[in-house]
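In: quick one: sequence and predicted model below, then my questions.
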Amino acid sequence: MKLQTLGQVIRHEELSSKVYYLVLKAPQIAKQATPGQFVQVKCSDTYQPLLRKPFSLHEIDKVDGRISLLYEVKGQGTKSLTKVRVDDYLDLIGPLGSGFSLPPRCRAILVGGGMGIAPLLPLAEKLKEQGQEFAAILGFNEVQKVYRLEAFQKLGQVIVTTLDGSLGEKGLVTQPLERELGSEKYNIIYACGPEAMLKNVSAIADSFGVECQVSLEAYMACGFGACLGCVCQTKELTGPTYSRVCTDGPVFNSREVIWHEG
Amino acid sequence: MKLQTLGQVIRHEELSSKVYYLVLKAPQIAKQATPGQFVQVKCSDTYQPLLRKPFSLHEIDKVDGRISLLYEVKGQGTKSLTKVRVDDYLDLIGPLGSGFSLPPRCRAILVGGGMGIAPLLPLAEKLKEQGQEFAAILGFNEVQKVYRLEAFQKLGQVIVTTLDGSLGEKGLVTQPLERELGSEKYNIIYACGPEAMLKNVSAIADSFGVECQVSLEAYMACGFGACLGCVCQTKELTGPTYSRVCTDGPVFNSREVIWHEG
Amino acid sequence: MKVKMEVDIGGLKLQNPVLTASGTFGSGQEYLPFIDLNRLGGVVVKGLTLLPKAGNPPPRLIETPSGLLNAIGLQNPGVDYFIENILPELTSYQTKFIVNISGNTPEEYGVLAQKLSVPGVAALEVNISCPNVKAGGLVFGTDPDLVAEVISVVKGHTNLPVIAKLSPNVTDIQEIARAAEEAGADAISLINTLLGMAIDVETRKPVLGNIVGGLSGPAIKPIALRMVWQVAQAVKIPIIGMGGIVSAQDALEFILAGANAIAIGTGNFINPRVTMEVIAGLEEYCQKTKTEDISHLVGLANPLKMR
Amino acid sequence: MKVKMEVDIGGLKLQNPVLTASGTFGSGQEYLPFIDLNRLGGVVVKGLTLLPKAGNPPPRLIETPSGLLNAIGLQNPGVDYFIENILPELTSYQTKFIVNISGNTPEEYGVLAQKLSVPGVAALEVNISCPNVKAGGLVFGTDPDLVAEVISVVKGHTNLPVIAKLSPNVTDIQEIARAAEEAGADAISLINTLLGMAIDVETRKPVLGNIVGGLSGPAIKPIALRMVWQVAQAVKIPIIGMGGIVSAQDALEFILAGANAIAIGTGNFINPRVTMEVIAGLEEYCQKTKTEDISHLVGLANPLKMR
Ligand SMILES: Cc1cc2nc3c(=O)[nH]c(=O)nc-3n(C[C@H](O)[C@H](O)[C@H](O)COP(=O)(O)OP(=O)(O)OC[C@H]3O[C@@H](n4cnc5c(N)ncnc54)[C@H](O)[C@@H]3O)c2cc1C
Ligand SMILES: Cc1cc2nc3c(=O)[nH]c(=O)nc-3n(C[C@H](O)[C@H](O)[C@H](O)COP(=O)(O)OP(=O)(O)OC[C@H]3O[C@@H](n4cnc5c(N)ncnc54)[C@H](O)[C@@H]3O)c2cc1C
Ligand SMILES: Cc1cc2nc3c(=O)[nH]c(=O)nc-3n(C[C@H](O)[C@H](O)[C@H](O)COP(=O)(O)O)c2cc1C
Ligand SMILES: Cc1cc2nc3c(=O)[nH]c(=O)nc-3n(C[C@H](O)[C@H](O)[C@H](O)COP(=O)(O)O)c2cc1C
Ligand code: FES
Ligand code: FES
């Protein structure tokens, strides 16, 4: 059950330019959370920004009652979040949303682009915990903007891509994805990243006939289903409909999603 | 000439509950400032509060290029000002307003109530520098809320009053003021504090036939005469008129001021 | 001292004057993890239309300085679905549920009122800020004659208390309020959102899928308060004030201006417990100021208030 | 790349599209310590009336979330004093001075226009948001017929470009804008402040001496932008957009919505150099986006813009 609680900052550091790693003590959230869920964070005690900001749970440590977030500075909210110090308290609502669902005996391939790697780490951890094999393809812009790689490498096989080839394979995550799927080792894709990437990954999943779960983003006001502000278009039996990213998602089966044109 | 400049924080400490002392490196302001002038401070880089906040210059160190402020936490602006740290920069506009004017051969009595003591310190310093005798009557609520006393005591004679008698004389500043004026040693009063105090001090000045300069407060938008938002009512030859506290004041001759009823 | 917090809003009896604003509180159930619904004055349910409505294409939200622009477009499952599937779930709570309705024609409002005059619905809030297809894309809420027509039709189809919810996008809010009162409205609620927009300077297009949206939140509080103040001078029926309330002090400003009750919208997104804090804060203020009945505060800052 | 920043606002030629909003910039001289007036597109001088005006009793200001409420009450020394004592001091600057005028009757506007049609005045901005004594306390700016009357009279008494400054406190801003255009206005500026208020819960009285005041600043930007967008679809004459602009990005939103020039008011109080930063920011954006003439951006986000 979601709740509003104060999380105490245990660690807060800049990993690479504008990318921060924030560890919080929040036992009640950690206890209930599953991979793919998120929290709504009050980033400032002023009206600037007015709204809470959603961040995926990047680690879920049920034993120590800790969660972590990985975030990139974009606007007012994330900028003021950087000012939070160790021992400060952050007002959190969570865990929110429907996370990834793990079919029994899944052989998963995780695909993350940039900040989209955030929710894949707890998923990888869970897969490992359950003794299920997986591979992860993580895409970054350049070697200077690679972060949290080791955390993934501890858990399983990782393929890295960079746009400029400064680390790992040069190019997009879709290249190694197609290659790996060709091996027919995998029966499910979990993807999170920019919409254009997700759209391409879905198309590839379709062409290989593999299930694909995508984690979407949307501008949110409440984060718990009350405002209907965060919708994306999905296919239902009755035709296209607007689904709430915050409660019906953020994880959707890629075949349900109606992607934007272009 | 007033200017917009960045002042670097050199010292910032809480003197008593909610009262802070802030020392800034701001050579251009220090160079030009006179006692009774003030600065408009951008207390936050958000829209909360939207406006700058005015604070009297509490020290003007032309040699070291420093100024200091003494402030009490009231609302958004002062609250966010408390978060400023040593080495941070504050966006300042100043020096602003018309300060105290010092007639030659003045024998002054300075009367300050609470935060109203702030602009009296540089005045005391100036008087001492010019070799002119003065006394200061400083009124506080209680001994726990007394601050900056020693700074005044270094410069001359100080009479302290507290409402509850926990330090110095019990009661209001007006009692020792009447007594001191009875000695006929003084020919001018400089006063700053709550409006009710200023009104009473003015009446006493009138009854003793002594000149009195009062430093007024007002809610300000610009602080430099452009918005006409900060007016108080004053007597002019042509009748009552609205004068700008920020440029015509904040220091007025008490005989010009039309006080609020009640 | 025990403070009397109960208020009577044109026949709608509330245990305290704190409501939730329509469209920001779902049907109330979304807030169960955070607060005890039974402690609320009442819940105003998300706006309903006769037929299900898909709503506007996203993006539907964008923040502005101290404000929120929304263009939800009244997405809702339709009145029949509500009555069959949602209303029964609400009857287990002691709080009052007020249903917000929107129609394309006065007749539609009548049908909605009739259908919703069932046990479990405590009152109807008539949203007259939506497009009026009949009058050619105009908005009901900006024309006193149309306001009167809609309210009369609704009154003719229900015995429930009828609350007219006014749009702030008008020249003369008093004229609109008087029209609603004369047509029989039992209470008035205001304000709905102010029409606004934002443009993305990169794409050079409006940010919202619907181009324009409704502005809510602390940014609009001064305007909302002024309108409540004006309407309190124009009508005798009770007023539910809203627009940017996020604290007990905000709520008090509305009450002192002349509101008999208040509603909180956007504030719930920032702090889902805000309603509970406002109720506690209002009670505390009454105690501190030795006010036995919160209704004694209504309009104290407004000497020209009617009644 | 050299960007063409000059704009022509109904015959008023400006070196760049950045103006200051009336009432927030004095006569310009108050800002001499901070900026080079000669680099401004133009200065819109504090509102003048026929006779000197004392203004409203204080308090005249109160902050609200991301906004400022003011009730100055048009304090000014009167038009004759301005012409004799202030205008001569302004002639040493190369920037354009536009004079904002307010009258109690259409005739007063005419007299003001005639008196101000002297060298040194580049254009007249007609403030039609002030009390109209003749029509019994109503406000000119909310009635299209009165707007037309005032503008016609002003046009009949001057050869200077006439800018109609619209009030946002209306139901249909397009109707008002069209009335101004048809009556001969050379340009339209909007928005003036939105009517708002604040209440002090301790004293239980309105905070402002005048009870209500005008809301300005970032809080109102979404509303101002929407109105510029609408007016750009209603009239062919140039538009000066304002309301909450504090950055080049804000200014761009207004230009993309259809404003040919913009004005900054409240922003000057927070950052007296804001106009200079906005001019630089606009030029930079044009360079970055390879826009040779800033006027090419006007209305790009507004496909229904007239012309
Ligand atoms: C379920 C979910 C999980 C997420 N997980 C993560 C995560 O783990 N890590 C992470 O870093 N991020 C995550 N995000 C994204 C994160 O929520 C946003 O980056 C964050 O909300 C940005 O807030 P902000 O206040 O810093 O920026 P904002 O000011 O909200 O700006 C965000 C974006 O909106 C645009 N924008 C803002 N105002 C305007 C305007 N007026 N016109 C046009 N465009 C505008 C900006 O250009 C900017 O790109 C997640 C989002 C969702 C929905
Ligand atoms: C020339 C001058 C010199 C000054 N020098 C000093 C100095 O040296 N030291 C010092 O401490 N102070 C000084 N002040 C006062 C100082 O400027 C104010 O205390 C400061 O601006 C408060 O800002 P704030 O944002 O913290 O509080 P604000 O939020 O601005 O509130 C200030 C006061 O206004 C009231 N208020 C705010 N909003 C409302 C509302 N909606 N309804 C009713 N009331 C409201 C509050 O109750 C509060 O008491 C000076 C003022 C002037 C004009
Ligand atoms: C996301 C959202 C959805 C809304 N939906 C409705 C609605 O369906 N019916 C209605 O009458 N008002 C609706 N409103 C307006 C609110 O009920 C309220 O009048 C307005 O937001 C001002 O209050 P606030 O500033 O406290 O949010 C909505 C507001 C928001 C923010
Ligand atoms: C203190 C103050 C005084 C104003 N005086 C006038 C005036 O005399 N005439 C006028 O037409 N508008 C006046 N205005 C309105 C502004 O010119 C402008 O239209 C409005 O403030 C919106 O712009 P902003 O949000 O950038 O301030 C005044 C605004 C403020 C804040
Ligand atoms: S953010 Fe409110 S419904 Fe999703
Ligand atoms: S604060 Fe603007 S004129 Fe004084």
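Out: In hand now; what should we look at? Ligands and ions are numbered 1, 2, ... in the order given.
In: does C:G156 really touch C:V111, like I thought?
Out: No. The criterion here is Cβ atoms under 8 Å, and C:G156 misses it with C:V111 at 11.5 Å. Any C-beta I mention is one placed from the backbone N, CA and C, and that applies to glycine too.
In: next one: the residue in chain C positioned nearest to ligand 5 from ligand 4, what distance?
Out: Scanning chain C for the residue nearest ligand 5 gives C:F269, at 7.2 Å (criterion: Cβ to the nearest ligand atom). In this view, C:F269 and ligand 4 are 26 Å apart by Cβ to the nearest ligand atom, to the nearest Å.
In: burial measure for that residue, as a count.
Out: For C:F269, the neighbour count with other Cβ atoms under 10 Å in any protein chain shown is 27.
In: off-centre distance for stretch A:31-48?
Out: Relative to the mean C-alpha coordinate of its chain, stretch A:31-48 is positioned 13 Å out (Cα atoms, centre = their mean, to the nearest Å).
In: tell me the buried residues in it?
Out: The neighbour-count check on stretch A:31-48 (16 or more other Cβ atoms under 10 Å in any protein chain shown) flags A:33-44, A:46-48 as buried.
In: and stretch A:156-176, by the same measure?
Out: Applying 16+ other Cβ under 10 Å to stretch A:156-176 flags A:156, A:158-162, A:167-169, A:172-174, A:176 as buried.
In: contact partners of the longest helix anywhere in chain A?
Out: Using DSSP state H, we find that the single longest helix of chain A is helix A:195-208. For helix A:195-208, contacts defined as Cβ atoms under 8 Å, 6 or more residues apart in numbering or on different chains pick out A:111, A:113, A:116, A:139, A:172-174, A:177-178, A:181, A:189, A:191-192, A:211-212, A:214, A:216-217, A:254-255, A:257, A:259-260.
In: test for you: state the pLDDT assigned to the closest residue to C:L297 other than its chain neighbours.
Out: Of all residues not flanking C:L297 in the chain, C:I255 sits nearest, at 5.1 Å (Cβ to Cβ, 6 or more residues apart in numbering or on different chains). We have a pLDDT of 98 for C:I255.
In: and C:I255, how many neighbours?
Out: Residue neighbour count, defined by other Cβ under 10 Å, stands at 29 for C:I255.
In: also the one 5 residues further on?
Out: When counting by other Cβ under 10 Å, one arrives at 25 neighbours for C:N260.
In: so it touches C:L12, yeah?
Out: No. The criterion here is Cβ under 8 Å, and C:N260 misses it with C:L12 at 10.3 Å.
In: what residues are shared contacts of these two?
Out: Common neighbours of C:N260 and C:L12 are listed as C:A187 (criterion: Cβ under 8 Å, 6+ apart).
In: can you name the next helix or strand after the longest helix of chain A?
Out: Proceeding N to C from helix A:195-208, the next assigned helix or strand is strand A:211-215, under DSSP states H and E.
In: sheet-wise, list the partners of that following strand with their directions.
Out: In the sheet, strand A:211-215 lines up against strand A:188-192 (parallel), strand A:251-253 (antiparallel) (DSSP bridges).
In: so how many other residues sit close to C:A280?
Out: Here the number of neighbours of C:A280 (other Cβ under 10 Å) works out to 13.
In: need the pLDDT of the nearest residue to it once chain neighbours are set aside.
Out: Spatial nearest neighbour of C:A280, chain neighbours left out: C:A248 (7.4 Å); criterion: Cβ to Cβ, 6+ apart. C:A248 is assigned a pLDDT of 98 by the prediction.
In: still on that earlier bit, ok, which pair from the buried residues of stretch A:156-176 is furthest apart?
Out: Farthest pair in these (Cβ to Cβ) is A:G156 and A:L172. Separation: 21.2 Å.
In: in the chain, which spans are helices?
Out: I went with chain A, as the question did not name one. Assigned by DSSP H, the helices in chain A fall at A:27-32, A:76-81, A:120-129, A:149-153, A:174-182, A:195-208.
In: to clarify, I was referring to chain C.
Out: C:79-81, C:87-90, C:106-116, C:144-156, C:173-182, C:221-232, C:248-257, C:267-270, C:274-288.
In: dump the longest one to CSV, restricted to CA.
Out: Listed next in CSV are the C-alpha coordinates belonging to helix C:274-288 (Å, rounded to 0.1, in the frame of the first residue of the first chain):
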residue,chain,number,x,y,z
VAL,C,274,-3.5,18.9,3.2
THR,C,275,-7.3,18.6,3.8
MET,C,276,-6.6,17.1,7.3
GLU,C,277,-4.1,19.8,8.1
VAL,C,278,-6.5,22.5,7.0
ILE,C,279,-9.3,21.1,9.2
ALA,C,280,-7.0,21.0,12.2
GLY,C,281,-5.6,24.5,11.4
LEU,C,282,-9.0,26.0,11.2
GLU,C,283,-10.1,24.5,14.5
GLU,C,284,-6.9,25.7,16.1
TYR,C,285,-7.5,29.3,14.8
CYS,C,286,-11.0,29.2,16.2
GLN,C,287,-9.7,28.0,19.6
LYS,C,288,-6.9,30.6,19.6
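In: report the inter-axis angle for that helix versus helix C:248-257.
Out: Between the axes of helix C:274-288 and helix C:248-257, defined by axes from the mean of the first three to the mean of the last three Cα atoms, to 10 degrees, the angle is 60 degrees.
In: got the buried residues for helix C:274-288?
Out: Within helix C:274-288, the residues that count as buried by 16+ other Cβ under 10 Å are C:V274, C:T275, C:M276, C:E277, C:V278, C:I279, C:G281, C:L282, C:E283, C:Y285, C:C286.
In: with distance to C:M306 added, can I get the helices of chain C in CSV?
Out: Shown next, in CSV, are those (distance: least, Cβ to Cβ, whole Å):
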stretch, distance to C:M306
helix C:79-81, 34
helix C:87-90, 34
helix C:106-116, 26
helix C:144-156, 18
helix C:173-182, 10
helix C:221-232, 7
helix C:248-257, 13
helix C:267-270, 28
helix C:274-288, 23
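In: now, of those helices, which is deepest in the fold?
Out: Greatest average neighbour count among the helices of chain C goes to helix C:221-232 (a mean of 28), per mean count of other Cβ atoms under 10 Å in any protein chain shown.
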